[in-house]
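Colleague: show me the folded form of this:
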Amino acid sequence: MLATVSSATLLGVDGQPVTVEVHVSSGLPGFTVVGLPDAPCRESRDRVRAALLSSGLSWPQKRVTVNLAPSGVRKGGPGLDLPIAIGVLVATEVFPPEWCFGVGFIGELGLDGSIRRVPGIVPMVDAIGEPTVVVPGGCEREATLVGRHEVRGASTVVELLECLRGEAAWPDPAPPAPVPATGVHERLDLCDVRGQAVARLALEVSAAGGHHLLFCGPPGSGKTMLARRLPGLLPKLTGPAALEATRVRSAAGLVLPGDGLVIDPPFRAPHHGASPVSVIGGGSAHMRPGEVSLASGGVLFLDELAEFPNAVLDALRTPIEEGVVRVCRAKGSVAYPARFLLVGATNPCPCGEWPTMACRCSDVARSRYVRKLSGPLIDRFDLRVLVRRPDVSALLTGRPAEPTAAVAARVLTARTRAAERGVMCNAELPADRLDELAPLADDGVHLLEHRLRAGMLSARGLHRVRRVARTLADLADGPDTLGEEHVGLALALRADPAHEEVAA
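Modeller: From the prediction side, this is the model:
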């Protein structure tokens with residue numbers, strides 16, 4: 001007999017609908033899975049058999065063939081265990097096929113008959129076209145985020161069969177488990193930062209306009225302290241941005257908030273020894289989103305930027321420009337979202353003390369260190385600031401600076417103005433509309449012309465400076481036309497981190 005069950009598999013951060021076809025026929029007992037399954041899919045034979053036997057059900061002593069359609073798409077993960085088990089039960093006439101009409105199934109089976117959670121519940125449920133979907137117990141809140149399915153949860157095969165037969169009511173969704181604090185969403189306050197007026201301004205401009213930021217300074221100057229307070233300045237994620245961040249986190253198998261939806265801007269800070277695959281995404285057997293995708297909608301902080309491998313830094317150029325990562329492999333290609341705010345922190349030299357007299361580095365060593373950051377990468381940072389160690393008086397007797405709440409209010413106002421222009425932030429202003437949305441006064445034009453003719457500004461840099469000037473004007477409630485004041489300050493915040501004059 002033939003049975004057909006609807007399900008889905010994960011491809012990147014998107015779900016791929018899968019039709020599980022189970023055929024039971026006479027012949028030598030055996031179990032075969034076809035349709036380009038990966039290793040976890042092929043191993044489902046033993047998990048499904050043990051789960052059914054542990055649930056008090058019989059295993060057919062016949063030839064069982066499972067086809068995962070469409071056959072030309074690779075299937076990954078153990079999430080097809082449950083639909084395979086349902087298909088075997090229908091094909092062996094344990095219960096009639098009409099009980100699972102209009103129902104999709106997702107879940108991994110334990111040897112004891114339990115139904116376990118799998119990564120990517122949100123995108124896989126989104127890919128299922130049936131009106132009802134059954135997910136592992138505890139995943140109901142994630143599944144309901146899609147908003148167009150009747151979601152049912154079950155913790156064991158026995159419980160699921162009783163609910164399908166109508167012998168028991170579907171269990172209520174489990175209460176959300178408390179998510180331990182990770183330090184990212186503790187909302188560290190800017191009032192803890194003493195001094196560093198220029199760096200604080202750059203942080204505010206970066207949050208308000210979505211501009212990439214580079215801090216350059218000696219150890220202990222507060223670069224990491226500043227960067228970790230940036231998420232507290234960003235507005236909450238809403239609408240498609242929140243759902244996109246949730247889909248990526250779900251596909252990566254990370255813990256979601258209690259209500260399932262990610263609304264706090266993510267903060268990711270990979271170690272400088274991270275591999276290109278872990279940062280960009282991909283993999284050989286399983287295509288997994290990388291750090292740039294997990295930071296989508298939030299902040300990607302690269303501390304000790306010059307210590308990262310050149311392959312990692314160069315691979316960041318396309319995501320910065322396009323907001324997407326395309327990973328191409330022989331087995332297939334996937335696209336991951338990568339709309340992140342990049343914040344880098346680096347020392348001016350290996351010892352970190354240049355340009356003071358305490359620097360122990362030779363000119364050759366310093367030049368080699370600075371050259372690790374390529375010109376095209378540096379050019380993509382809208383804001384580049386030299387952070388020096390704060391003054392002693394500011395550390396010991398200085399008054400607390402402006403708190404995060406006050407700065408975040410100005411950031412939200414600037415973001416609201418950007419939304420009125422049709423973009424999420426000013427960094428997304430299209431180049432062909434800059435003359436309309438960021439017009440220049442004559443003195444601003446002369447200032448930019450001087451920099452362009454001197455070779456101190458590229459065409460890409462010109463557009464980025466105008467966007468930063470637009471953000472500065474929005475924060476100051478300034479005019480629509482950008483004059484020397486805003487253009488000059490935008491240029492001052494875009495200095496060469498390899499030279500001392502950045503500190504001015």
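Colleague: contacts, neighbours, all on C-alpha from now
Modeller: Will do.
Colleague: and residue 273, how many neighbours?
Modeller: 10 (other Cα atoms under 10 Å).
Colleague: what count of nearby residues applies to residue 367?
Modeller: A count of nearby residues for residue 367, using other Cα under 10 Å, gives 15.
Colleague: in this structure, which helix or strand is least confident?
Modeller: helix 392-396 (a mean of 78; mean pLDDT, DSSP states H and E).
Colleague: what strands flank the longest strand along the chain, and is each parallel or antiparallel?
Modeller: Longest strand of the chain, by residue count under DSSP state E: strand 14-25. Here strand 14-25 is paired, per DSSP bridges, with strand 2-11 (antiparallel), strand 63-69 (antiparallel).
Colleague: residue 93 is nearest to which of the ones you listed?
Modeller: strand 2-11 (9.5 Å; Cα to Cα).
Colleague: off-centre distance for the closest one?
Modeller: On the basis of Cα atoms, centre = their mean, to the nearest Å, strand 2-11 sits 27 Å off its chain's mean C-alpha point.
Colleague: what residues does that strand touch?
Modeller: Under the criterion Cα atoms under 8 Å, 6 or more residues apart in numbering, residues 15-24, 75-77, 79-80, 83-84, 86-88, 90-91, 97, 100, 103-106, 120, 123-125, 127-128, 130, 251, 287, 334 lie in contact with strand 2-11.
Colleague: now stretch 115-126
Modeller: Contacts for stretch 115-126 (Cα under 8 Å, 6+ apart): 8-10, 13-17, 77-79, 82, 106-110, 133, 135-139, 142-143, 145-146, 154-157, 246-247, 250-254.
Colleague: just the CA atoms of it, as PDB, please.
Modeller: Taking C-alpha atoms only, stretch 115-126 is exported to PDB below (Å, rounded to 0.1, in the frame of the first residue of the first chain):
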ATOM      1  CA  ILE A 115       9.000  13.500  19.500                       C
ATOM      2  CA  ARG A 116      11.900  15.900  19.700                       C
ATOM      3  CA  ARG A 117      12.500  19.500  18.500                       C
ATOM      4  CA  VAL A 118      14.500  20.100  15.400                       C
ATOM      5  CA  PRO A 119      16.200  23.300  14.100                       C
ATOM      6  CA  GLY A 120      14.300  25.500  11.700                       C
ATOM      7  CA  ILE A 121      10.800  25.000  12.900                       C
ATOM      8  CA  VAL A 122       9.700  28.500  11.800                       C
ATOM      9  CA  PRO A 123      10.900  28.300   8.100                       C
ATOM     10  CA  MET A 124       9.800  24.600   7.800                       C
ATOM     11  CA  VAL A 125       6.300  25.300   9.000                       C
ATOM     12  CA  ASP A 126       6.200  28.300   6.600                       C
END
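Colleague: ranges for the helices of the stretch 51-200 of the chain?
Modeller: In the stretch 51-200 of the chain, the helices defined using DSSP state H, counting those that start in this stretch lie at 81-91, 121-127, 140-143, 157-165, 197-209.
Colleague: which strands and helices lie in contact with the third one?
Modeller: Applying 3 or more Cα pairs under 8 Å, 6 or more residues apart in numbering; DSSP states H and E, we find helix 140-143 packed against helix 121-127, strand 150-154.
Colleague: let's see that with 10 Å instead.
Modeller: Packing partners of helix 140-143 (3 or more Cα pairs under 10 Å, 6 or more residues apart in numbering; DSSP states H and E): helix 121-127, strand 132-136, strand 150-154, helix 239-251.
Colleague: same question for the last one.
Modeller: Using 3+ Cα pairs under 10 Å, 6+ apart as the contact definition, the elements that helix 197-209 packs against are strand 213-216, helix 223-227, strand 341-346, strand 383-386, helix 404-420, helix 459-475.
Colleague: who are the contact partners of residue 352?
Modeller: With contact taken as Cα atoms under 10 Å, 6 or more residues apart in numbering, residue 352 is in contact with 216, 217, 218, 219, 220, 346, 358, 359, 360, 361, 366.
Colleague: confirm it sits in a strand?
Modeller: No. Counting by DSSP: H, G, I helix; E, B strand; the rest coil, one finds residue 352 to be coil, located in no strand.
Colleague: closest to residue 275 out of the helices and strands packed on helix 140-143?
Modeller: Across the helices and strands packed on helix 140-143, the minimum distance to residue 275, taken as Cα to Cα, is reached by helix 239-251, at 19.3 Å.
Colleague: now that closest one against strand 14-25, angle please.
Modeller: Here the directions of helix 239-251 and strand 14-25 differ by 50 degrees (axes from the mean of the first three to the mean of the last three Cα atoms, to 10 degrees).
Colleague: quick one, what contacts residue 340?
Modeller: Counting by Cα under 10 Å, 6+ apart, residue 340 has contacts 210-212, 265-268, 291-301, 319-320, 323-324.
Colleague: can I get the strands paired with strand 14-25 in a markdown table including mean neighbour count and distance to residue 188?
Modeller: Output for those, formatted as a markdown table (neighbours: other Cα atoms under 10 Å; distance: least, Cα to Cα, whole Å):
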| stretch | mean neighbour count | distance to residue 188 |
| --- | --- | --- |
| strand 2-11 | 25 | 36 |
| strand 63-69 | 20 | 49 |
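Colleague: residue 111 against residue 53, yeah?
Modeller: Yes. The pair formed by residue 111 and residue 53 meets the contact definition of Cα atoms under 10 Å, at 8.8 Å.
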